[in-house]
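[1] dropping a prediction and its sequence here:
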Amino acid sequence: MQRFAAVIRLKPEKEEEYRRLHADCWPGVQAGIKRAHIGNYSIFLRDGLLFSYLEYSGENYAADTAVIADDPVSRAWWALTDPCQQPLDSAADGEWWAPAEEVFHLD
């Protein structure tokens, strides 16, 4: 199992909408995430920053997440959630959610 974390900024004027969307996350989006061998997935919010954490149990993270990106339901979901987000200034070119480095872990 691999752990992944990432960060992105939440536009302040979009917080209510973002919370509403995630309070009723579409079943098709959730199913796609699970099909990609992703579990224990959470998004946290603090001071305008969204922090995501997930655990991946598959064999090829890039391939599995590419399947999510090709899924029409996920793409429709992102059409609603992406306008709520803004990449960090430190994000690489073309990077949306910026990966966070794990500096400590305790099982």
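    Arrived safely.

[2] counting contacts, what elements does the helix or strand Trp77 falls within pack onto?
    Element membership for Trp77, per DSSP states H and E: helix 72-81. Using 3 or more C-beta pairs under 8 Å, 6 or more residues apart in numbering; DSSP states H and E, the elements in contact with helix 72-81 are helix 15-23, helix 27-35. C-beta coordinates here come from the backbone N, C-alpha and C atoms, glycine included.

[3] bridging residues for the residue nearest the centre of the chain?
    For the chain, Ser52 is the residue whose C-alpha lies nearest the centre (C-alpha atoms, centre = their mean; 5.7 Å). Beta-bridge partners of Ser52, counted by DSSP bridges, are Ala6, Ile43.

[4] check contacts around it.
    Phe4, Ala5, Ala6, Val7, Ile8, Tyr41, Ser42, Ile43, Phe44, Trp97 (C-beta atoms under 8 Å, 6 or more residues apart in numbering).

[5] ok, it to Arg35 distance?
    Distance, Ser52 to Arg35, using C-beta to C-beta, to the nearest Å: 18 Å.

[6] on that earlier part again, using JSON lines, lay out the contacts of Ser52 together with distance to Ala91 and neighbour count.
    Output for the contacts of Ser52, formatted as JSON lines (distance: C-beta to C-beta, whole Å; neighbours: other C-beta atoms under 10 Å):
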{"residue": "Phe4", "distance to Ala91": "15", "neighbour count": "17"}
{"residue": "Ala5", "distance to Ala91": "14", "neighbour count": "16"}
{"residue": "Ala6", "distance to Ala91": "10", "neighbour count": "18"}
{"residue": "Val7", "distance to Ala91": "9", "neighbour count": "17"}
{"residue": "Ile8", "distance to Ala91": "8", "neighbour count": "20"}
{"residue": "Tyr41", "distance to Ala91": "20", "neighbour count": "14"}
{"residue": "Ser42", "distance to Ala91": "20", "neighbour count": "10"}
{"residue": "Ile43", "distance to Ala91": "17", "neighbour count": "16"}
{"residue": "Phe44", "distance to Ala91": "18", "neighbour count": "11"}
{"residue": "Trp97", "distance to Ala91": "8", "neighbour count": "18"}
